[in-house]
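S.K.: Need coordinates for the below:
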Amino acid sequence: MLRLAERNYYNKRFNKVKGDIAGTWRIIKMILPKSKKGDGIREIKVNDSVIKDHVKICNKFNEFFCWHWKQPGKKYSICRGK
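M.R.: Predicted structure coming up:
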């Protein structure tokens, strides 16, 4: 019963800010738990190798996103699945 009340409460809040992206994000930030900022990404795995150097990690992310952005005829989204 409490979950239903909570769901209804947030549905009403979201409906009030419908079309207002800033208002929507304020509600989302209010709902999500506050997290402490960590040290960032410590390592990534590319193919079969683990990269721990921060500069190399940044370069690999840049390569990845630039490659996806430049693909002709593709939707510019890295999300796959749904």
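S.K.: ok, residue 65 - how many residues close by?
M.R.: Look at residue 65: counted by other Cβ atoms under 10 Å, it has 12 neighbours. (Glycine included, C-beta is placed from N, CA and C.)
S.K.: Return the distance of it relative to residue 11.
M.R.: 34 Å (Cβ to Cβ, to the nearest Å).
S.K.: Doesn't residue 35 lie inside a strand?
M.R.: No: looking at residue 35 with DSSP: H, G, I helix; E, B strand; the rest coil, it is coil, so not inside a strand.
S.K.: Run a quick neighbour tally on it.
M.R.: Count around residue 35 with other Cβ under 10 Å applied: 6.
S.K.: What values do phi and psi take at it?
M.R.: phi -120, psi 150 (degrees, to the nearest 10).
S.K.: swap in the one 3 residues further on?
M.R.: Geometry field for residue 38 lists phi and psi as phi -100, psi -160, criterion degrees, to the nearest 10.
S.K.: what is the rounded mean pLDDT of stretch 16-24?
M.R.: Per-residue pLDDT values over stretch 16-24 give a mean of 92.
S.K.: same thing with stretch 57-70?
M.R.: Rounded mean pLDDT across stretch 57-70 is 80.
S.K.: Can I get it as PDB, trimmed to CA atoms?
M.R.: In PDB, the C-alpha atoms belonging to stretch 57-70 read as follows (Å, rounded to 0.1, in the frame of the first residue of the first chain):
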ATOM      1  CA  ILE A  57      41.300   5.300 -20.300                       C
ATOM      2  CA  CYS A  58      40.300   8.800 -21.500                       C
ATOM      3  CA  ASN A  59      41.700   8.100 -25.000                       C
ATOM      4  CA  LYS A  60      39.800   4.800 -25.200                       C
ATOM      5  CA  PHE A  61      36.500   6.500 -24.300                       C
ATOM      6  CA  ASN A  62      37.200   9.300 -26.800                       C
ATOM      7  CA  GLU A  63      37.900   6.700 -29.500                       C
ATOM      8  CA  PHE A  64      34.700   4.800 -28.700                       C
ATOM      9  CA  PHE A  65      32.400   7.800 -28.700                       C
ATOM     10  CA  CYS A  66      34.000   9.500 -31.700                       C
ATOM     11  CA  TRP A  67      33.700   6.200 -33.700                       C
ATOM     12  CA  HIS A  68      30.100   5.800 -32.900                       C
ATOM     13  CA  TRP A  69      29.300   9.400 -33.700                       C
ATOM     14  CA  LYS A  70      31.000   9.200 -37.200                       C
END
